[in-house]
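Sharing a model prediction with you, sequence too.
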Number of protein chains: 2
Amino acid sequence: MINKLCNKITNLNAPIVVGLDPMLDYVPEHVKKAAFEEYGETLEGAAEAIWQFNKAIVDATHDLIPAVKPQIAMYEQFGVPGMVAFKKTVDYCKEKDLVVIGDIKRGDIGSTSKAYAVGHVGRVQVGSKSYAGFDEDFVTVNPYLGSDGIQPFIDVCKENNKGIFVLVKTSNPSSGEFQDQLVDGKPLYELVGKKVAEWGDAFMGDSYSYVGCVVGATYPEMGKTLRKVMPKTFILVPGYGAQGGKAEDLVPYFNADGLGAIINSSRGIIAAYKQEKYSKFGAENFADASRQAVIDMREDINGALGK
Amino acid sequence: MINKLCNKITNLNAPIVVGLDPMLDYVPEHVKKAAFEEYGETLEGAAEAIWQFNKAIVDATHDLIPAVKPQIAMYEQFGVPGMVAFKKTVDYCKEKDLVVIGDIKRGDIGSTSKAYAVGHVGRVQVGSKSYAGFDEDFVTVNPYLGSDGIQPFIDVCKENNKGIFVLVKTSNPSSGEFQDQLVDGKPLYELVGKKVAEWGDAFMGDSYSYVGCVVGATYPEMGKTLRKVMPKTFILVPGYGAQGGKAEDLVPYFNADGLGAIINSSRGIIAAYKQEKYSKFGAENFADASRQAVIDMREDINGALGK
């Protein structure tokens, strides 16, 4: 799956991933209205609205992008109907041949991490049959519990040709509170990064490992260091655009082969129609605004990379 | 809700919580058979089996225990039908007036943590209406992202009289890999513990804070230190029994008032019928075995506490 991701990025010349984080506030009124008319102002109505919103954006952008990253929290907030919308979104994106990165940030003790892994990137045994519960291609994983919490994900991924991105340095303002603390003179995130490289060495694709990491675009100096600590690790980079990360900051996240990083934008793409820049599209054509925003993002990043 | 938890523990003389982590392997054959006859060997069949298993255990133990802790991964592994079983379990336990601690270990950047909080311990707005998605009383939260990732949970809990337990020192063998690293001469878990105490000071119940923490029973020396670092923090203690934690090790997790800690047992209670000690009950009477295991656990812990 990491090879597929690399190939798609190269073929499309687009090291970008669209974050499908459908806050209800991002969904245009006419989409909400149609959903609420059918299901009422209910959890089912909200789930239908975000699903229709996602579907339109995926239809408008899938030929330009290698991957999507649905943030499960935005679905989970709507309870079980939200989880149905998450599953529908994953399935639809896979039908469109997109690589699906489930942004789930799970992590627990061994047996429990295994259950998460089985549910999201593996198959669960039920009597004599087995099923894929959510069936993403990659998931994000939290490392706070150490190797025990990560290894079950790796084991399950090996069986299913899938991968993970481990949180190393997150994009949020307070990420340094624990992640930047010095351990033997080096920040904790570097220690986590070294572990990620170690875990990854044992599970390689052609050029990159199935074990990737997350490093926020908002900390480019740290990104530069971490790129060296983890040369074969694909970096999933949140924080571009709405969170403040700029294209020129992203250059050090890439390797000399032009690969090694994939930049996420969520709000900047899916709610593009709300920006002044794309206001000419209007709310009715929100998906076309998203398509234009993808084209602009690709150009912005490739420009900075000199491609 | 923290006051309710304290009162129930005092009234029942039982500082214990039953972990509803229904691995399919724990479910007796006759329960699985009935579920599969109705729904086939499907995700729905598995979900029905774990729900019926839970229901029987809750029916047999609810008058003895203050709280339950369903581990969401064990449900999530069965996809959407598993999430339906999770929700049914939460609702049923609340009907029985049990305090429900959702063991979800979520944590993300601010806006995303807010969505998790809203979905699990708050209410989500849908047009002019609002709904509780999963509606636990407490949830466990991962601190790796720092204050940004925790504060939204606290804000949502304040509005809804609910609480959280923040992972400080987890019970698994490799928890020390990052959590024990020395920062300014003290382990990281102590720094996290201090932050938990700080967050908690601003959100107090009568004697304890709505912001609790998780410290594994498998590290009693650390538990002793952390009890002092966080005097008003309720400690949720996993790792007793099957993971190796002993009752006498748990004494330092409690305060002089006999409160301040709640000990979890999952497998030791819900799969009691599989132990030699409870084999006389047989698989048919698995829930009676669980009841006896609760009585024995209460005695074991109260004995160590000299109560």
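In hand now; what should we look at?

how many neighbours does A:Arg106 have?
Counted with other C-beta atoms under 10 Å in any protein chain shown, residues neighbouring A:Arg106 total 27. Bear in mind the C-beta positions are built from the backbone N, C-alpha and C, glycine included.

Look up how far A:Ala47 lies from it.
Counting by C-beta to C-beta, to the nearest Å, the separation of A:Arg106 from A:Ala47 is 21 Å.

Kindly report the same for A:Gln275.
To A:Ala47, A:Gln275 is 26 Å away according to C-beta to C-beta.

More neighbours: the two, which one.
With neighbours defined as other C-beta under 10 Å, A:Gln275 and A:Ala47 compare such that A:Ala47 has more, 25 against 14.

burial of A:Leu259, as a residue count?
Residues near A:Leu259, counting by other C-beta under 10 Å: 16.

three-state assignment of it?
Three-state call for A:Leu259 (DSSP: H, G, I helix; E, B strand; the rest coil): coil.

Could you tell me the per-residue confidence at the residue lying closest to it once chain neighbours are set aside?
Nearest non-adjacent residue to A:Leu259, counting by C-beta to C-beta, 6 or more residues apart in numbering or on different chains: A:Cys6, 5.8 Å away. Model confidence at A:Cys6, given as pLDDT, is 97.

now swap in A:Gly245 and tell me
81.

And it, how close does it get to chain B?
Here A:Gly245 is placed at a distance of 13 Å from chain B (C-beta to the nearest C-beta, to the nearest Å).

okay but that residue is in contact with A:Ala217, surely?
Yes - counting by C-beta atoms under 8 Å, A:Gly245 touches A:Ala217, with 2.6 Å between them.

Now do the shared contacts for those two.
Each of A:Ser171, A:Val237, A:Gly239 lies in contact with both A:Gly245 and A:Ala217 under the rule C-beta atoms under 8 Å, 6 or more residues apart in numbering or on different chains.

give the contact list for the closest residue in space to the first one that isn't next to it in sequence.
Using C-beta to C-beta, 6+ apart and skipping residues adjacent in sequence, the residue nearest A:Ser171 is A:Gly216, 2.7 Å away. If you count contacts by C-beta under 8 Å, 6+ apart, A:Gly216 has them with A:Lys169, A:Thr170, A:Ser171, A:Asn172, A:Ser175, A:Gly223, A:Val237, A:Pro238, A:Gly239, A:Gln243, A:Gly245.

how about the last one, what does it touch?
Translated: A:Gly245. Taking C-beta under 8 Å, 6+ apart as the test, what A:Gly245 contacts is A:Ser171, A:Gly216, A:Ala217, A:Thr218, A:Pro220, A:Val237, A:Gly239.

and what of the fourth one?
Counting by C-beta under 8 Å, 6+ apart, A:Asn172 makes contact with A:Gly216, A:Thr218, B:Ile109, B:Gly110, B:Leu145, B:Gly146, B:Asp148, B:Gly149.

Apply 6 Å and report the result again.
Listed by C-beta atoms under 6 Å, 6 or more residues apart in numbering or on different chains, the contact set of A:Asn172 reads B:Ile109, B:Leu145, B:Asp148.

A:Val17 - nearest residue in space that isn't next to it in sequence?
Leaving aside its chain neighbours, A:Val17 sits nearest to A:Ala67 (4.3 Å; criterion: C-beta to C-beta, 6+ apart).

circling back: which of the shared contacts of A:Gly245 and A:Ala217 lies closest to A:Gln125?
Checking the shared contacts of A:Gly245 and A:Ala217 against A:Gln125 by C-beta to C-beta gives A:Val237 as the nearest, at 35.8 Å.

tally of neighbours for the closest one?
Residues within reach of A:Val237, counting by other C-beta under 10 Å, total 27.

how about the helices in the stretch 201-307 of chain A?
A:220-229, A:247-250, A:267-270, A:286-304 (DSSP state H, counting those that start in this stretch).

can you pull the buried residues of the longest one?
When burial is assessed from 16 or more other C-beta atoms under 10 Å in any protein chain shown, helix A:286-304 yields the following buried residues: A:286-294, A:297-298, A:300-302.

Ok, stretch A:230-242 next?
The neighbour-count check on stretch A:230-242 (16+ other C-beta under 10 Å) flags A:Met230, A:Lys232, A:Thr233, A:Phe234, A:Ile235, A:Leu236, A:Val237, A:Pro238, A:Gly239, A:Tyr240, A:Gly241 as buried.

what pLDDT, on average, does it get?
Rounded mean pLDDT across stretch A:230-242 is 93.

Is any residue of it near chain B?
No - using C-beta under 6 Å from any C-beta of the partner chain, stretch A:230-242 stays clear of chain B, with a minimum separation of 7.9 Å.

List of residues touching that stretch?
Applying C-beta under 6 Å, 6+ apart, the contact partners of stretch A:230-242 are A:165, A:171, A:193, A:196-197, A:200, A:208-209, A:212-218, A:245, A:253, A:261-265, A:267-268.

Now do that stretch: distance from first to last residue.
With C-alpha to C-alpha, to the nearest Å as the measure, the ends of stretch A:230-242 fall 27 Å from one another.

Could you do stretch A:223-237 as well?
In stretch A:223-237, first residue to last residue: 9 Å (C-alpha to C-alpha).

repeat for stretch A:216-223
8 Å.

ok so, going back, pick out whichever of the buried residues of stretch A:230-242 sits closest to B:Asp91.
Of the buried residues of stretch A:230-242, the one sitting nearest to B:Asp91 (C-beta to C-beta) turns out to be A:Pro238, at 34.5 Å.

what does the stretch 101-250 of chain A have sitting close to chain B?
Selection of the stretch 101-250 of chain A residues close to chain B by C-beta under 6 Å from any C-beta yields A:105, A:108-109, A:112, A:115-116, A:118-119, A:124, A:126-129, A:131, A:133-134, A:142, A:144-148, A:170, A:172-175, A:177-178, A:181, A:183.

my hunch is that A:Gln125 is in a strand, does that hold up?
Yes - when three-state DSSP is applied, A:Gln125 is found to be in a strand.

so what's it scoring on pLDDT?
According to the prediction, A:Gln125 has pLDDT 98.

residues in contact with it?
A:Gln125 makes no contacts at all, as judged by C-beta under 6 Å, 6+ apart.

now it: how far from B:Gln71?
Note on A:Gln125: its distance to B:Gln71, by C-beta to C-beta, is 18 Å.

Next: A:Ser147.
A:Ser147 is 20 Å from B:Gln71, where distance means C-beta to C-beta.

More neighbours: which of the two?
B:Gln71 (27 against 18).
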